[in-house]
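Enquirer: Output the structure for:
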Amino acid sequence: QVQLVESGGGLVQTGDSLRLSCVASGHSLSTYTMAWFRQPPGEERSFVAGVTGSGGIIDPTESVKGRFTISRDNHKNTMYLQMNSLKPEDTAVYYCALSAVAARTAALYNTWGQGTQVTVSS
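Expert: All right, here's what the predicted structure looks like:
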């Protein structure tokens, strides 16, 4: 049973940076796609960025391009999301997820972490 645990969220000001981490346990994940999704208050969960097992980047959502960088370390079974120049509209619960396919659709991800809150004040 694979488990995903996110960390690194917090309360920051506009323009600040945060780095989220997602540690996977229970199975080697080097062949799986990992991704970050986020869910703002009252909205649906949406794709942020993803990375395949071999390190290929799935095109991030437009609003984070140039600001967020996704990466993974298969030796540590860990995925990261470096978030720079944060904006209030980035406020959301951020989830990491696992899929057998390279996808941007939440329904294709079958393992999820519990989420970490990111709040950006103006």
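Enquirer: which residues of the chain score low on pLDDT?
Expert: By pLDDT under 70, the chain has no low-scoring segment.
Enquirer: Now name the helix or strand holding Trp53.
Expert: Not quite, residue 53 is Gly, not Trp. Gly53 belongs to no helix or strand when elements are defined using DSSP states H and E.
Enquirer: Please report the distance of it from Ser30.
Expert: From Gly53 over to Ser30 the distance is 5 Å, taken as CB to CB, to the nearest Å. No exception for glycine: its C-beta is placed from N, CA and C like everyone else's.
Enquirer: cool, and Arg38?
Expert: With CB to CB as the criterion, Arg38 and Ser30 are 25 Å apart.
Enquirer: neighbour-wise, which of those two wins?
Expert: Arg38 (23 against 12; other CB atoms under 10 Å).
Enquirer: Buried ones in whatever helix or strand that one lives in, by neighbour count?
Expert: Counting by DSSP H and E, the element that carries Arg38 is strand 33-39. Buried positions in strand 33-39, judged by neighbour count with 16 or more other CB atoms under 10 Å: Thr33, Met34, Ala35, Trp36, Phe37, Arg38.
Enquirer: tell me which of these is nearest to Val101?
Expert: The closest of the buried residues of strand 33-39 to Val101 turns out to be Thr33 (CB to CB; 6.4 Å).
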